Every structure is written in structure tokens, then in C-alpha cells.
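[1] sequence and predicted model, in that order:
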Amino acid sequence: MSTQPQLSSLADSLASLPAPERQKILNSLPDAVNRDLLYTWRFWARANQILPGTAGAADPREDWRFWCVLAGRGFGKTRTGAETVREWARNPKERILLIAPTASDVREIQLEGPSGLLNCYPPGQRPDYNPSRHLLTFPSGAIGFTRSAEEPERLRGPQFTKFWADEIGAWSSLEAAWDQIMFGFRLPDSKIQGVITTTPKPLKIIRELLANPSTVITRGSSYDNRGWLSSAFFESVIKRYEGTRLGRQEINAELLDDTPGALWTLRMIDAHRIRFADIQSDKIVRIVIAIDPAVSAEEGSDETGIIVAALVKSGHVLIIEDLSCKESPLGWARIIAEAYFRHKADRVVAEVNNGGDLVEANLRAAAPNVAFRKIWASRGKLVRAEPVATLYERGMVHHVGPFQKLEDQLCSYVPGVKKSPDRMDALVFAVTELAIDEEQKPYRIQMGEMVQISPI
């Protein structure tokens, strides 16, 4: 097992030269060579993107079985996998499996995407792709099979010598599909190898791969390929998620473990996450905005937790918006008032232990007619949080899209070890108001009935 450093490509080195010197080098090359450079992977690839054990690779090792590329968004994982297949396919005896989370991922990402296999070849030299047969025929005579991880049983037939598994962390039937891939490695007199390109997730198979002495490991982040990515991607995406739990996984490619003792896990949240487009407004019974007010808005003080949540007819709860902020009392009151009318909310609920009647007074100053309910947090944080976490385990709370900072707080909160954070507290108030608090029974379906209701 080995880990490679991040090394620049020949294209990076050429691009770093002064323009006159760079142009002189290009002008010295025959036109045919310049044209070929567009499709010469070893010119564009960083050393840690080149097949281990081949010329220019960061890792010279040849006796490996699995090459595990754990990298962030924009690193070039797809191109690395596609070019690896292209390299293998020079041998006419190879039978290569390409597999991705879904059938559309195989076609739209592995094959036909901007970095997909078909676009790695010069015009007129592409392999022949027969989508109805899920079959690739390479110029050398090598054969490729395309499969979806959603249908592991369809992996029973083909025998192959190489495979490219993309984004295994997103496979819905990971263990079943992986088992069938391993059974497909049964051709004699062949060098059996596989490349796995994925964002790392704390899954059993990924851990087993990392512990396997026959695995070569490449790690990389979104920053490794920054020179070839749009500035807008870094401004609008990377900066937004930097420092969050999701950013550490998706940008820096960290393998994040669930925090021991935490009431929530990212897997628990991901399993029931929905899109905003999936919400049916006519199914919404009630909307509340919950506040966990900060004592002050000074630098270093806590944020004011503000969560918008809805109860639907099935008894499930939707977390719609996280508006938590570090604002003055009038500042956060205005944010809540705007959200109250925008969402046509039914009520604002707030813990008033710290601020007493000042919380309501601040809110009334911004919106006099807002329906408001005080919460006196007489019970301990753990007693209040556990029933909410249980609803998550039952699949009855759905995050509408990603809420990175909120989810970081949920997944890192260990009762008795650290202070409960503001966003999490506001979420607990909201879910309790909608689905747990006995005083709110007239507004919702009974808890005993909710367990039997199908997901939304």
C-alpha cells in the first residue's frame, strides 16, 4: 500500500513558462505532434493520475490488484478512470467492466461525459459503443462491458480481466454488486486489476480496500486541479463548503468517521434526504420557525439558531431552511419575520430561558402580528434531543437539500461531551413542536400512527 504526492503535469509545466518560451517550444514541434498532444494523456495528467507501474506514474509499483483513487470534486477522477481503461484497452486480450451507480451515470459520465472514455480518443479512433448490448469494442479488439450497480444480478454473466468502478460510495447495492465483480475475476492467464474512483465515505468495502496490501492508494483534493477548473466553481462552490463536514469529504476527500456517541450520523440524514422539487405543497399541514437565541452578537459568541420546518399529512417532518446567523436581536428578528411571511408559517417558537420576554419583544418589534410560542427548556438537552434523533432513525425527518453547518453540528454532537450547538437546538425545538410535544396534538397526527405511514 502506498500514497503518492501531488505532482504537476507536463501541461502545467509548459503553461507556467513565459509566453515567448512556451510558444517557441510548441512551434518546434511538428503539426502532427501538436495535434496528438490533445489526446496524449501523459502530457495532461499529473503523475498521480497515471496508471501505477507505467511510464510517468507517481507510483512505480506493478504488483497491485486495486488502484483506489480517493479524491474530491474536480480532481479529475473520471478522466483518470477513463484514461486507465484506454491504456488497458491497448491489449486486445483485455475484457474490461465499467460500472457506475446508475445506468445513466455509466453513459453520461463514464462514457459520453466531457471527461468520459469516448472523448479521450481522437476523432475516428473511438471504440464502438452498442448501448442496447451494453458493449464496447475497442480499436485493438479488446471488449468492454457496461453495467449499473443498481442491478448486481446482471453482473453474474460476464468474465473480465479489468474493471473501472466509479463512485462506489454512491452505489445503492454496494456489497451485492462488489461481490459479483469479485466473482467475475476468473479468467486464467490474466493480470486482474481494477481502478476505483470515488469520493471517500466510511463504508466497509472502502475500508477493506484501504487495508488491503494489494491496493495502491491515491488521495487528492479539488485544489490539485485548480488550474483547469473555472474560477466560478471555486467562488460559488468551494468557498461555500470549505471547513464544513461535507466540504472535508467532497473537496478534501477526507474519510470521515461517524463521531462515536453522536446521536446523528451523516448516513442517517443522507438516507432520507429529499429535493425541494419533491415537496407537494398541498401535503403540508403546518410550518414553524424555531429559534435558539444567542445572548449577544459579539465576535466569538454563539450564533442564533433559526430553523424552518414543516409537518406533512403523512406525519413526517421536513427541514426546509437553516437561517441561523450571528446578528443583533433586531437583525435576527427581521430575518425571522421575513421567513415567516415568505413561508406563510403558522408559528414561531423560541427558547426564552436566556432572554426571557426580550425574545418576544424583539420579534414583535420586527413583526407585531407574528404568532409566537415560548419554550421553557426545563428538560436537559439530551432528553429533548433523543426523541428527535429517534425520528431521524425511523426515516421520518427529511432534510430538503444539504445543510452543511447544521449537519456538522448534528453529527458531531455527543451528549455530555460538548455543549449542544445553536442550530441543532433550534432544529430540536422545531421537530418537537411539530411531531413530539403532547400539547400540539390537535395540530398533528398521533405519534402511534406515524410509525406505520409510508415515506413521503
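    Perfect, thanks for sending it. Numbering: from 1, shown residues only.
[2] tell me the contacts of R79?
    Shown in contact with R79 (CB atoms under 8 Å, 6 or more residues apart in numbering): A45, Q49, S115, C120. C-beta here means a position set from N, CA and C on the backbone, and glycine is covered the same way.
[3] for those residues, which one is nearest K344?
    For the contacts of R79, the residue nearest K344 by CB to CB is S115; the value is 44.1 Å.
[4] ok, the closest one to R286 distance?
    46 Å (CB to CB, to the nearest Å).
[5] okay, T432: pLDDT?
    Looking at T432, its pLDDT is 93.
[6] which stretches of the stretch 151-300 of the chain form helices?
    174-183, 204-211, 231-233, 239-241, 245-250, 266-270 (DSSP state H, counting those that start in this stretch).
[7] okay, now the domains of this structure?
    10-249, 266-450 (automatic domain parsing).
[8] lowest average pLDDT across those?
    domain 266-450 (a mean of 84).
[9] OK, contacts around L427?
    When contacts are counted by CB under 8 Å, 6+ apart, L427 is found next to A290, G305, I307, A309, I319, V388, L406, L410.
[10] could you verify that the third one is part of a strand?
    What that stands for is I307. Yes: per DSSP: H, G, I helix; E, B strand; the rest coil, I307 lies within a strand segment.
[11] would you check how far apart G124 and W44 are?
    20 Å.
[12] out of the two, which sits in the busier spot?
    W44 (18 against 6; other CB atoms under 10 Å).
[13] contacts only, for the more buried one.
    By CB under 8 Å, 6+ apart, the contact list for W44 reads S9, L10, A11.
[14] in this structure A371 contacts K344, no?
    No: applying CB atoms under 8 Å as the test, A371 and K344 come out as separate, 11.5 Å apart.
[15] the two: who's more crowded?
    A direct count of neighbours by other CB under 10 Å for A371 and K344 places A371 higher, at 12 against 9.
[16] if I look at the more buried one, how far off is K283?
    Distance from A371 to K283, by CB to CB: 21 Å.
[17] with T259 instead?
    34 Å.
[18] same thing with H272?
    16 Å.
[19] show me which of those two is the more surrounded one.
    Taking other CB under 10 Å, H272 and K283 do not tie; H272 has more neighbours (17 against 14).
[20] quick check: phi and psi on the more buried one?
    phi -130, psi 20 (degrees, to the nearest 10).
[21] so who does it touch?
    Neighbours of H272 in contact, by CB under 8 Å, 6+ apart: Y392, G395, M396, V397, H398, H399, P455.
[22] and if we set it to 7 Å?
    G395, V397, H398 (CB atoms under 7 Å, 6 or more residues apart in numbering).
[23] can you name the residues bridging to the second one?
    Just to be clear, that refers to V397. V317 (DSSP bridges).
[24] does it really touch I320, like I thought?
    No: contact criterion CB atoms under 7 Å: V397 and I320 do not qualify, at 11.6 Å.
[25] which members of the contacts of R79 are classed as buried?
    Neighbour counting by 16 or more other CB atoms under 10 Å classes A45, Q49, S115, C120 among those as buried.
[26] pipe the domains of the chain into CSV and attach distance to L255 per row.
    Output for those, formatted as CSV (distance: least, CB to CB, whole Å):
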stretch, distance to L255
domain 10-249, 4
domain 266-450, 12
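[27] how many neighbours does I206 have?
    So I206, with other CB under 10 Å, has 19 neighbours.
[28] so it sits against P200, correct?
    Yes: if you go by CB under 7 Å, I206 and P200 touch, sitting 6.3 Å apart.
[29] shared neighbours, these two?
    Counting by CB under 7 Å, 6+ apart, the residues touching both I206 and P200 are G169.
[30] on that earlier part again, which one of the contacts of L427 has the most neighbours?
    G305 (30 neighbours).
[31] now do the contacts for that residue.
    I291, D292, S324, D422, R423, D425, A426.
[32] out of those, which one sits closest to V195?
    Among the contacts of G305, and counting by CB to CB, the member closest to V195 is R423, at 39.1 Å.
[33] quick one: the closest one from I291, how far?
    In terms of CB to CB, R423 sits 11 Å off from I291.
[34] ok, those two, which is more surrounded?
    Between R423 and I291, I291 has the larger neighbour count (other CB under 10 Å), namely 31 against 25.
[35] isn't the more buried one right next to A350, touching?
    Yes: under the criterion of CB under 7 Å, I291 is in contact with A350, at a separation of 3.9 Å.
[36] can you map out the strands along the stretch 351-456 of the chain?
    Here the stretch 351-456 of the chain has its strands, by DSSP state E, counting those that start in this stretch, at 372-375, 397-399.
[37] look up phi and psi at the closest residue to R347 other than its chain neighbours.
    Of all residues not flanking R347 in the chain, A371 sits nearest, at 4.6 Å (CB to CB, 6 or more residues apart in numbering). Torsion angles at A371 (phi, psi; degrees, to the nearest 10) stand at phi -70, psi 130.
[38] any idea how far A371 is from E433?
    12 Å.
[39] same check, this time on A149
    Counting by CB to CB, the gap from A149 to E433 is 40 Å.
[40] ditto for S281
    S281 is 20 Å from E433, by CB to CB.
[41] what about these two, which has more around it?
    Under the criterion of other CB under 10 Å, the comparison of S281 against E433 puts E433 first, with 26 against 8.
[42] neighbours of G401, how many?
    13.
[43] ok, D128 next?
    11.
[44] that one against T137, yeah?
    Yes: using CB under 7 Å, D128 makes contact with T137 at a distance of 4.5 Å.
[45] and what about the closest residue to F372 other than its chain neighbours, helix, strand or coil?
    Distances taken as CB to CB, 6+ apart put V348 closest to F372, at 5.0 Å, once the chain neighbours are dropped. Assigned with three-state DSSP, V348 falls in the strand class.
[46] bridge partners for V348, pull those for me.
    Beta-bridge partners of V348, counted by DSSP bridges, are I289, F372.
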